[in-house]
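Participant: Give me a 3D structure for the following:
(2 chains)
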Amino acid sequence: MNFAPRQQRHRYGRFRPKSGAGRKPIRIALAGNPNSGKTSLFNAITGQHQHIGNYPGVTVEKKYGRLQFKNELLEIIDLPGTYSLTAYSLEEIVARDFVIKEKPDVIVDVLDATNLERHLYLLLQFQELGVPLVGALNMSDECAEKGICIDQEQLSAILGIPLVKTVGTRGAGLSRLLDTAIQVAKRELVPDQRHLNYGVDVENAHNQIIDWLKTDAAFIRKYPVHWLAIKLLENDHDAIHKIKSEHTEAEKVLSASDHIRRRLEDHFHDDSVAIIAQQRYAYSNGAIRETIRIDRSRPALDWTERIDRIVLNRFLGIPVFLLVMFLIYQATFGLGNPFAGIISHWFTHLAQIVKDYMPAGQFRDLITDGLIAGVGGVLVFLPLVVLLMLGLSLLEDTGYMSRAAFVMDKFFHLFGLHGRSFIPFMLATGCAVPGIMAARSLVNRRDRIITVLVTPFMMCGAKTPVIAMLSAAFFSRRAGLIFWGIWFFSWILALMMSLLFRKTFFKGDQSPLVMELPPYRWPSLRSVMIHMWQRSLAYLRKAGTIILAAAVIIWIALNYPKASSNVAILTPPPAENELILSVSDSTLHYSFAGQVGRFLEPVLKLAGFDWKLGVSLFAGVAAKEIIISTMGILYGIAEEPAVSLNQSHTTSVGYQIRNDPSYSPLVAISLMLFVMIYTPCLATLVIIKKELGHFKWALFQAAYTLGLAYLLAVIIYQAGTFFQHILL
Amino acid sequence: MPTDSTTTTVQSLAEIPAGRHFRIQRVRGHGEIRQRLIDLGFIKNEGGAVVREALLKDPIEIVIKSTHISLRRSEARLIDVEVTD
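Facilitator: Below you'll find the model as predicted:
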């Protein structure tokens, strides 16, 4: 009865629909635990020939690569790293569904040879899926160092699958691994299809369920029946769902399997999940004991434990973490900002060249102020993204990221967040774009969404000059205090909102912190570089197109339709400032944005804003620093290119509005809070869409922050006005 | 820090101080968290040790099946153990 999976595999293996023209590649899926070195093995095999996509319908990343190896065309698919194949995480469901539905020709399970007992646990589950398997004994170099001797032949005989020693970081053993995988895929080498014996009682129960499943012949051709029976014993909700929706005798099968499972549990006085896991581990442990010898005469220096004595020390842990974060922050923004400045300078320069060589006109303005400024606005972030990705992959690949989560978890857990949420927050104080990208390290989707939704509240590099300008203009001597207060408020708000999200939309169990603290390892340079390169490209592709389009739209909204006096706008700026300001002012006045601003003035007034502020805030959605330059236009200061803000310019805007009678310190406070909270910039919105996989999240982000900002600004302004009346 | 004599009474893992060894009796709870713990090797009769605790005594670091694993105390509470040293 255990041969059912094999028959079924044959049937499907031969009649797989042809995909397009050309030779069909041999499809090799790489599977393995997190920290098995699977990614570096994948990188070593595929090198630059990798593609990143998503598994259909989910945000789990799918990496694959094609290459020519000897005479074969190979397609390597990197399955998500998992400890098990349950239905509790997207990664696990994706991995097992891929095996069932896509039927790769062979699966290479990457095993950490220094910790085989744990890694065989997953291998046994792949074996249950009835797929052709090859095991890669990875990190075999570390085995030698640690005095671990593996009797490879014996282990291979016990498991019934071929094993190959590899060192992923150095690329050793790869061609033997691929040779073996190809042989298995071509059935020149047939792995034993046995599965582990769960003992008489479980096996009996299991066989009874198989008999029930066989009542639908079409169904068992589609799914590995042996595996499904085990999953039914484990009460796996995805397996139950598959039966419910596709098996003709669903009800009978499920009530029978329920009954069989209960009887088994009564017999063992334990539940089926524990019984089955114990059997798997017992088998794995038995296999290890027969085949592994540890040379005790060479006790390995445990570097990981030595480092952790400092890094995870109760009192040193947080200072060490803050130091590491400070270094990453400095590396990202300290090294990145000069480059960003250079890029921004190039674009200003480019715009100037276009201005010099093209005839003046609206088309030229579109190119310089719309296109060039838009592309520039995206490219400016590139150095930050590249450096940040370098830093993050170093943290992740060395194994420090889990330690950071360990150290910070308690505090963030209080607010419904995870220990790893700190890193996005921290980075967002430089720029929200890399901050949101960093939220990838949160494995649980709910944690990731909450973190992403509150990350833009942080005071980023673009909001800083706006807040600094306003606090300096209105609170000259207490400016520092006010600035600090706004910054502090943004943190409180971020934590409070995440708590609120956790208690409302994302109710339910918080994701556990049950996580491995892997041994420290040197990251492989290749993996780090590939990672950095791919992320940067992805950023450019996605952000470049959408931000560009949006920047042009905002530019049009600010400039069209032109006032009747538009001839004056196109004349070169005269020496006298007076003239430009009135002209630009009138352009904005009659533009779409200006019209909407004036239309909305009654609403804005509740928060103390006039239509000019409304227009500036609207323009600020393109990039927050534009708020100052737009206010500059509206209040009559010669315009500088949006990206290059100099100090004197900033202060002159501040001076101008402070002298405007319609502004008061109260309006300034309300405005500062609004700027801190409201709709994040376009680049951020685009990244949110990309990272969370759906437009609705970007829209929700834009809307809820706008609503929240408006609400708080109105409360502050109205309460302030009320108390002023009482006091005066 | 409580260092009372070694007893064979069943305690929750959350009560075991750093540096002590334990043997697992059973894992309580249900659903995802329980499955995770079991998959990571928290199974009956498995031995392990509490390595250290974070600043506010939470989370804690455990060694089990020669792997270091971090747990919140709330998660450790699901694991019944007996102290073995």
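Participant: Please make it C-alpha for all contacts and neighbour counts, starting now.
Facilitator: Noted.
Participant: give me the low-pLDDT residue ranges for chain B?
Facilitator: Within chain B, the set of residues satisfying pLDDT under 70 comprises B:1-8.
Participant: All the helices of it, residue numbers only.
Facilitator: B:31-39, B:73-76 (DSSP state H).
Participant: What residues sit buried inside the last one?
Facilitator: Residues of helix B:73-76 classed as buried: B:73, B:75-76 (neighbour count, 16 or more other C-alpha atoms under 10 Å in any protein chain shown).
Participant: Show residues contacting it.
Facilitator: A:512, A:514, B:12-14, B:33, B:58-60 (C-alpha atoms under 8 Å, 6 or more residues apart in numbering or on different chains).
Participant: residues from chain B in reach of chain A?
Facilitator: Near chain A, the residues belonging to chain B are B:32-33, B:35-41, B:43-44, B:52-56, B:58-59, B:65-72, B:75 when assessed by C-alpha under 8 Å from any C-alpha of the partner chain.
Participant: out of the residues you listed, which are inside strands?
Facilitator: Judged by DSSP state E, those include B:52-53, B:67-71 as members of strands.
Participant: so which helix or strand takes in residue A:395?
Facilitator: Assigned by DSSP states H and E, residue A:395 falls within helix A:382-398.
Participant: er, residue A:29 actually
Facilitator: strand A:26-32.
Participant: Given that strand, what are its sheet partners and their directions?
Facilitator: strand A:72-78 (parallel), strand A:106-112 (parallel) (DSSP bridges).
Participant: Among the residues of chain B next to chain A, name the buried ones.
Facilitator: Buried among these (16+ other C-alpha under 10 Å): B:32-33, B:35-41, B:43-44, B:52-55, B:58-59, B:65, B:67-72, B:75.
Participant: Tell me who's in contact with residue B:77.
Facilitator: Here residue B:77 is in contact with B:12-15 (criterion: C-alpha under 8 Å, 6+ apart).
Participant: Alongside chain B, which residues does the stretch 501-650 of chain A contribute?
Facilitator: So the stretch 501-650 of chain A meets chain B at A:512-518 (C-alpha under 8 Å from any C-alpha).
Participant: re the thing from before, go through the contacts of residue B:77 and flag which are in strands.
Facilitator: Using DSSP E, the contacts of residue B:77 in strands are residue B:12.
Participant: Filter the contacts of residue B:77 down to the buried ones, PyMOL style.
Facilitator: Remark: buried members of those, expressed as a PyMOL selection using 16+ other C-alpha under 10 Å:
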select buried, chain B and resi 12+13+14
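Participant: Out of the contacts of residue B:77, flag the one nearest to residue A:550.
Facilitator: Of all the contacts of residue B:77, residue B:14 has the smallest distance to residue A:550: 53.0 Å, by C-alpha to C-alpha.
Participant: need the contact list for that closest one.
Facilitator: B:73-74, B:76-77, B:79.
Participant: again with residue A:524
Facilitator: A:40, A:169.
Participant: how close does it sit to residue A:393?
Facilitator: According to C-alpha to C-alpha, to the nearest Å, residue A:524 stands 10 Å off from residue A:393.
Participant: Around the residue of the stretch 301-450 of chain A found nearest chain B, count how many other residues there are.
Facilitator: Proximity of the stretch 301-450 of chain A to chain B (C-alpha to the nearest C-alpha) peaks at residue A:314, 4.5 Å away. Residues near residue A:314, counting by other C-alpha atoms under 10 Å in any protein chain shown, number 17.
Participant: My read is that residue B:68 contacts residue A:518, right?
Facilitator: Yes. Using C-alpha atoms under 8 Å, residue B:68 is in contact with residue A:518, at 6.8 Å.
Participant: Now the common contact residues for these two.
Facilitator: Contacts common to residue B:68 and residue A:518, judged by C-alpha under 8 Å, 6+ apart, are absent.
Participant: picking up where we left off before, could the contacts of helix B:73-76 go into a markdown table alongside distance to residue B:85?
Facilitator: Shown next, in a markdown table, are the contacts of helix B:73-76 (distance: C-alpha to C-alpha, whole Å):
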| residue | distance to residue B:85 |
| --- | --- |
| A:512 | 28 |
| A:514 | 25 |
| B:12 | 16 |
| B:13 | 14 |
| B:14 | 16 |
| B:33 | 28 |
| B:58 | 23 |
| B:59 | 22 |
| B:60 | 19 |
